[in-house]
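A.B. asks: Attaching a predicted model along with its sequence, questions to come.
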Amino acid sequence: MRKPIIAGNWKMYKTFDEATEFVEAVRDKIPSEEIVDAVICAPALYLPTLVDIAFETDLAIGAQNMHFENEGAFTGEISPAQLSAVNVDYVIIGHSERREYFNETDEAVNKKVRAAMNHGIVPIICCGETLEEREANQTEQKVEKQVKAALDGFTVEEVEHMVIAYEPIWAIGTGKTATADDANTVCGAIRNVVEELYGRDTSEKIRIQYGGSVKPENIKELLSKEHIDGALVGGASLQVDSYLKLLEAA
Ligand code: PEP
């Protein structure tokens, strides 16, 4: 039985005050981490403060991106060593917005996953197809390529602790959700790729989220599906009420 994981991706939203008020408002209302892993992936600037506010609660704090090097002349970047030094637990890697607007390649994603694992940060590895790829029946081919590249070179113990987020690009921030059955089919295909690479046991342990216009109204149906172990949520994670409702559904 895989524990559901609900992660909010705040993207480049919220002022400092809004972010701290949100975490103060939810931290004592989060269901026990024995039932669900609750994560907020916040803008990097706020991470140490939010980690402090969420300390010893059931809420975990994550980053939305990081570099793969520990240090160096990379102006504007944040390293895995810097994230782990402020006790960040999760990091989103390879979000489609990073791939599209910041030229993040499959190779860079693999290096970032390596760096996250080296620092004990759980990577939430994103994959997903464009609308054109879906219409050309290339969905599974695309996610298989992305997942194989991201997971190249790890041990089974490492892979078991990773999280994969299947996010059809056409469903992100558009209000369009993949049907629960379609999302489950692709999450199942991803699980098969993990099985092919790392064996059945590992594929049964790794958690696979769906992301793309998830909201309180549709999360229950998505989570009822065999291969969907949680959600990566943008818009609906920005309000206290809807974030808590998402957690309650899990
Ligand atoms: C996301 O940012 O990963 C996402 C899925 O956004 P939204 O829930 O707003 O579609």
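C.D. replies: Yep, it's here.

A.B. asks: can you give me the strands in the chain?
C.D. replies: Taking DSSP state E to define them, one finds strands in the chain at 5-9, 37-41, 59-63, 90-93, 122-127, 163-166, 207-211, 230-233.

A.B. asks: So for Ala150, which of those sits nearest?
C.D. replies: Within the strands of the chain, the stretch nearest Ala150 is strand 122-127; the backing value is 4.9 Å (Cβ to Cβ). Just so you know, the C-beta spots here come from the backbone N, C-alpha and C atoms, and that holds for glycine as well.

A.B. asks: Show me which residues of this structure are close to the ligand?
C.D. replies: When proximity is defined by Cβ under 6 Å from any ligand atom, the chain lies next to the ligand at 9, 11, 167, 172-173, 211-214, 232-236.

A.B. asks: Number of residues surrounding Met162?
C.D. replies: Each residue near Met162 was counted by other Cβ atoms under 10 Å, and the total is 23.

A.B. asks: Ignoring the adjacent residues along the chain, who's closest to it?
C.D. replies: Excluding the flanking residues, the one nearest Met162 by Cβ to Cβ, 6 or more residues apart in numbering is Pro123, at 5.5 Å.

A.B. asks: And that neighbour, how close does it get to Trp170?
C.D. replies: If you measure Pro123 against Trp170 using Cβ to Cβ, to the nearest Å, the figure is 24 Å.

A.B. asks: Who are the packing partners of the helix ranked longest in the chain?
C.D. replies: Longest helix of the chain, by residue count under DSSP state H: helix 180-198. Judged by 3 or more Cβ pairs under 8 Å, 6 or more residues apart in numbering; DSSP states H and E, helix 180-198 is in contact with helix 139-150, helix 156-160, strand 163-166, helix 200-205, strand 207-211, helix 219-223.

A.B. asks: Can I get that helix in PDB? Just the C-alpha atoms.
C.D. replies: Only the C-alpha atoms of helix 180-198 are listed here, as PDB (Å, rounded to 0.1, in the frame of the first residue of the first chain):
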ATOM      1  CA  ALA A 180      -9.000   9.600 -14.300                       C
ATOM      2  CA  ASP A 181      -8.800   6.600 -16.500                       C
ATOM      3  CA  ASP A 182      -6.500   8.200 -19.000                       C
ATOM      4  CA  ALA A 183      -4.300   9.500 -16.200                       C
ATOM      5  CA  ASN A 184      -4.200   6.000 -14.600                       C
ATOM      6  CA  THR A 185      -3.300   4.400 -17.900                       C
ATOM      7  CA  VAL A 186      -0.200   6.600 -18.300                       C
ATOM      8  CA  CYS A 187       0.700   6.300 -14.600                       C
ATOM      9  CA  GLY A 188       0.500   2.500 -15.100                       C
ATOM     10  CA  ALA A 189       2.700   2.800 -18.200                       C
ATOM     11  CA  ILE A 190       5.300   4.700 -16.100                       C
ATOM     12  CA  ARG A 191       5.100   2.000 -13.400                       C
ATOM     13  CA  ASN A 192       5.900  -0.600 -16.200                       C
ATOM     14  CA  VAL A 193       8.900   1.400 -17.200                       C
ATOM     15  CA  VAL A 194      10.200   1.400 -13.600                       C
ATOM     16  CA  GLU A 195       9.600  -2.300 -13.500                       C
ATOM     17  CA  GLU A 196      11.500  -2.800 -16.700                       C
ATOM     18  CA  LEU A 197      14.400  -0.800 -15.300                       C
ATOM     19  CA  TYR A 198      14.400  -1.700 -11.600                       C
END
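
A.B. asks: That'll do, ta.
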